[in-house]
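Chemist: sequence and computational prediction follow.
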Amino acid sequence: MTTLALTGGRVLRPDATVIRADVLIDRDRGEILEIGPDLGGDAVETLDASDSLVTPGFVNGHCHVAMSLLRGYADDKPLDAWLREDIWPAEGELTAEDVRVGAELGLLEMIKSGTTAFADMYFHVPEIAAAVEEAGLRARLGHGVVTVAKDEEGAHEDMETSLEVAEEYDGAADGRISTAFMPHSLTTVGAEYLEEYVPKARELGVPIHYHANETEDEVTPIVEEEGVRPLAYAAEKGMLEAEDFVAHGVHVDESEIGLLAEAGTGVIHCPASNMKLASGMAPVQRMREAGVTVGLGTDGAASNNDLSMLDEARDAAMLGKLAADDAAAVPAEAVAELLTAGSADALGLESGRLEEGAPADLAVLDLEKAHLTPRHDLVSHLAYAAAAADVRHTICDGQVLMRDREVLTLEESAVRERALEAAEDLAARVNPTE
Ligand SMILES: N[C@@H](CCSC[C@H]1O[C@@H](n2cnc3c(=O)[nH]cnc32)[C@H](O)[C@@H]1O)C(=O)O
Ligand SMILES: [Zn+2]
């Protein structure tokens, strides 16, 4: 057995306490063997965690990782105009190679900011899967389907692709990749397609992931045309099961919160995207009190504009208080849960908690920083003060992906060079100068 020990750190436990302990990892099985004092002695490899906080690797519950190539491409518009006027035309020009390059850029940023697992909805998924395999993270991947503005044949093809991708890649990369069926949203996919394909996804046994109740504009048409709230409509279509998870859940009423809690469907809160697109404030505190599984996601880099889960954590705390009009809402311990176990539970992953037998997915944060001094409460620091650049080491499935800020699985400068070039070419294709 090859073992790896993280020594001298302070370890965040699932109950939000922090203890001084080493962490011993079985690298072959990718599991945590033991958490306790003095475990460094017999380990094959050790990683210094002194003056550091050892946390579960962060789980980004909703992303479009290849959109990193579109970071800063179009800002300062509401969702519908942003997608239709800028993002979708640019995505129409994205090649498979562009998606690979954009995904690598996003994965590089994830590793550098302590993220070890994520859920992703996009297209050219084989390229994203290849990048994940190379980068060493854990992911639940899917092909996003839009049927509006497509003819019948095109819509069926898109649906079939989502099923095929879900079937083919489930269990890929030694089990680090799992999949989901991913209709884009309840308003961008026609009811007849949901009725036909949701049962097929159930037969495959994969979860369903989609955008839901992100803006008022997504709620009104469903209420008007179907006479029910969007999540009641989703339940009617069989898309509100325990393994399913929705992104956003901003405009959800009490009846919908009840449906989510009862079904066990997870909600991925994306505060930065919701603020930037002025979509609204999700009732995170109310959902948690009602027993809904809530996780945290960045959404794509074009609506954030970064993939740092620590930024998202702080945003979740701040926005959660404002939404509840209560400074006690979404406290630091809740934020620590949202960014680790909450997201992992919503995605159906076993990571998100540091305990014996759990997947060895960890982030180690350097506490020797002015903005992390003094050390009254390290959970408070995690929620309110820590930043991406504080992450020293990132470990996923027992493998070290970053050691002392050097990424070992991707070549940082080459990834950035390729992304710069691909993004420039893309912009020139979308907006030729003459
Ligand atoms: N196959 C689809 C693409 C769906 S992938 C997922 C899509 O979600 C889009 N997206 C990114 N962020 C958001 C968001 O916040 N809400 C809704 N859609 C988003 C993203 O640009 C991408 O087009 C097609 O033919 O257009
Ligand atoms: Zn999204």
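Modeler: Arrived safely. Ligands and ions are numbered 1, 2, ... in the order given.

Chemist: now the residue of the chain found nearest ligand 1. Nearest residue, chain neighbours left out?
Modeler: Nearest residue of the chain to ligand 1: residue 144, at 2.7 Å (C-beta to the nearest ligand atom). (Each C-beta comes from the backbone N, C-alpha and C, glycine too.) Ranked by C-beta to C-beta, 6 or more residues apart in numbering and with sequence neighbours excluded, the top spatial neighbour of residue 144 is residue 121, at 4.1 Å.

Chemist: if we can go back for a sec, need the contact list for the residue of the chain closest to ligand 1.
Modeler: Neighbouring residues of residue 144 by C-beta atoms under 8 Å, 6 or more residues apart in numbering: 64, 121, 122, 123, 162, 182, 183, 184.

Chemist: neighbours of the second one, how many?
Modeler: Spelled out, that is residue 121. Residue 121: 27 surrounding residues under other C-beta atoms under 10 Å.

Chemist: beta partners for it?
Modeler: Taking DSSP bridges as the rule, residue 121 bridges to residue 142.

Chemist: rewinding a little: doesn't the residue of the chain closest to ligand 1 belong to a strand?
Modeler: Yes: counting by DSSP: H, G, I helix; E, B strand; the rest coil, residue 144 is part of a strand.

Chemist: can you tell me how far it is from residue 181?
Modeler: According to C-beta to C-beta, to the nearest Å, residue 144 and residue 181 sit 10 Å apart.

Chemist: by contact count, what packs against the helix or strand where residue 34 lies?
Modeler: Using DSSP states H and E, residue 34 sits within strand 31-36. For strand 31-36, the packing partners by 3 or more C-beta pairs under 8 Å, 6 or more residues apart in numbering; DSSP states H and E come out as strand 18-26.

Chemist: what mean pLDDT does the strand it packs on get?
Modeler: What strand 18-26 shows for mean pLDDT is 98.

Chemist: what packs against it?
Modeler: Against strand 18-26 (3+ C-beta pairs under 8 Å, 6+ apart) you get strand 3-12, strand 31-36.

Chemist: please name the nearest non-neighbouring residue to residue 267.
Modeler: Leaving aside its chain neighbours, residue 267 sits nearest to residue 249 (4.0 Å; criterion: C-beta to C-beta, 6+ apart).

Chemist: ok, the one you found - contacts?
Modeler: By C-beta under 8 Å, 6+ apart, residue 249 lies in contact with 212, 213, 260, 267, 268, 269, 282, 287.

Chemist: can you check residue 33 too?
Modeler: Contacts of residue 33 (C-beta under 8 Å, 6+ apart): 3, 24, 25, 26, 356.

Chemist: now with 10 Å, please.
Modeler: Residue 33 sits next to 1, 3-5, 23-27, 39, 43, 356-357, 360, 398 when contact means C-beta atoms under 10 Å, 6 or more residues apart in numbering.

Chemist: highest neighbour count among those residues?
Modeler: residue 25 (28 neighbours).

Chemist: surely it and residue 34 touch.
Modeler: Yes: counting by C-beta atoms under 10 Å, residue 34 is a contact partner of residue 25 at 9.0 Å.

Chemist: now do the shared contacts for these two.
Modeler: 3, 5.

Chemist: close to ligand 1, is stretch 91-100?
Modeler: Yes: using C-beta under 6 Å from any ligand atom, stretch 91-100 reaches ligand 1 at residue 91.

Chemist: over to stretch 312-327?
Modeler: No: Stretch 312-327 is not in contact with ligand 1 by C-beta under 6 Å from any ligand atom; minimum separation 13.7 Å.

Chemist: any idea of the mean pLDDT for that stretch?
Modeler: Mean predicted confidence for stretch 312-327 is 98.

Chemist: stretch 110-118 too?
Modeler: Mean predicted lDDT for stretch 110-118 stands at 99.

Chemist: how far does it stretch from start to finish?
Modeler: 9 Å (C-alpha to C-alpha, to the nearest Å).

Chemist: just stretch 9-26 next, same as before
Modeler: 18 Å.

Chemist: can you pull the poorly scored residue ranges out of this structure?
Modeler: Scanning the chain for pLDDT under 70 picks out the ranges 434.

Chemist: picking that back up, TSV for the contacts of residue 144, including distance to ligand 1 and secondary structure?
Modeler: Output for the contacts of residue 144, formatted as TSV (distance: C-beta to the nearest ligand atom, whole Å; DSSP: H, G, I helix; E, B strand; the rest coil):
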residue	distance to ligand 1	secondary structure
64	5	coil
121	5	strand
122	5	strand
123	5	coil
162	8	helix
182	8	strand
183	9	strand
184	5	coil
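
Chemist: who wins on neighbours among these?
Modeler: Of the contacts of residue 144, with other C-beta under 10 Å as the count, residue 183 tops at 30 neighbours.

Chemist: need the contact list for it.
Modeler: 121, 142-147, 158-159, 162, 189-190, 193-194, 197-198, 201, 208-211, 234, 237, 239 are the contacts of residue 183 under C-beta under 10 Å, 6+ apart.

Chemist: ok, now residue 384?
Modeler: Residue 384 sits in contact with 310, 313, 314, 317, 318, 332, 335, 371, 377, where contact means C-beta under 10 Å, 6+ apart.

Chemist: which one of these is nearest residue 423?
Modeler: residue 310 (24.8 Å; C-beta to C-beta).

Chemist: residue 331 contacts residue 382, correct?
Modeler: No: under the criterion of C-beta under 10 Å, residue 331 is not in contact with residue 382, lying 11.9 Å apart.

Chemist: which residues are in contact with both of the two?
Modeler: Joint contacts of residue 331 and residue 382 (C-beta under 10 Å, 6+ apart) are residue 16.

Chemist: between the two, which is the more surrounded one?
Modeler: Per other C-beta under 10 Å, whichever of residue 331 and residue 382 has more neighbours is residue 382, with 28 against 17.

Chemist: name the SS class of that one, please.
Modeler: On the three-state scheme (three-state DSSP), residue 382 is labelled helix.

Chemist: excluding sequence neighbours, find me the nearest residue to it.
Modeler: residue 336 (5.5 Å).

Chemist: what about that neighbour, which helix or strand?
Modeler: Using DSSP H and E, residue 336 maps to helix 332-337.

Chemist: what distance separates the very next helix or strand once past that helix from the centre of its chain?
Modeler: On the C-terminal side of helix 332-337, the closest following helix or strand by DSSP H and E is helix 343-347. Centre-to-centre, helix 343-347 and its host chain are 9 Å apart (C-alpha atoms, centre = their mean, to the nearest Å).
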